[in-house]
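> curious how this folds, go ahead:
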Amino acid sequence: MAKTPVWQRSEGQNKNGGLNAKGRAAYNRANGANLKAPQPEGGARKDSFCARFEGMKKKLTSKEVANDPNSRINKALRKWKCN
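Purely as a prediction, here's the structure:
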C-alpha cells in the first residue's frame, strides 16, 4: 500500500495552518508546481488568497467547520492575517 503524500500528512502541514516548507517542497516536486510560503505582510498574493479563501469558506464549508477555530481553512486565514 502506498503512503499518502507528505503534504497530506501532519509532517508536511504546519500546525498553525497551511503547509510547512517540507510539504510545499514535496507538493512542488510531485506536481511541477511552484507553491510559495505565505505572504502575511501584504501584497497582491495576500489580497488574492484572502478573497479566494473567504469565498471558499462561505460556499464550501459547513457551519460547524466555518465556526471551528481549529479547522484548516480558519488556520490558513489566520496565518495569512486575513481576518
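> what's around the residue nearest to Asp68 when sequence neighbours are not counted, how many residues?
Spatial nearest neighbour of Asp68, excluding adjacent residues (C-beta to C-beta, 6 or more residues apart in numbering): Asn74 at 6.6 Å. (C-beta placed from N, C-alpha, C; glycine too.) Residues contacting Asn74 under the criterion other C-beta atoms under 10 Å number 20.
> if you count contacts, what does the helix or strand where Asn74 lies end up packed against?
Under the criterion of DSSP states H and E, Asn74 resides in helix 72-79. Counting contacts by 3 or more C-beta pairs under 8 Å, 6 or more residues apart in numbering; DSSP states H and E, helix 72-79 packs against helix 44-60, helix 63-67.
> hmm, who's touching the longest one?
Same thing as helix 44-60. Lys36, Pro38, Gln39, Pro40, Ala66, Ile73, Asn74, Ala76, Leu77, Trp80, Lys81, Cys82 (C-beta atoms under 8 Å, 6 or more residues apart in numbering).
> that helix vs helix 72-79, what angle?
150 degrees (axes from the mean of the first three to the mean of the last three C-alpha atoms, to 10 degrees).
> now helix 44-60: buried residues?
With burial defined by 16 or more other C-beta atoms under 10 Å, the residues of helix 44-60 counted as buried are Lys46, Phe49, Cys50, Phe53, Lys57.
> follow-up on the earlier one: tell me the one among the contacts of helix 44-60 nearest to Arg29.
Lys36 (14.7 Å; C-beta to C-beta).
> could you check how far that closest one is from Ala25?
Distance of Lys36 to Ala25, computed by C-beta to C-beta, to the nearest Å: 11 Å.
> centroid-nearest residue for this structure?
Gly18 (3.3 Å; C-alpha atoms, centre = their mean).
> from what I can see that residue touches Lys79, true?
Yes. Counting by C-beta atoms under 8 Å, Gly18 touches Lys79, with 5.4 Å between them.
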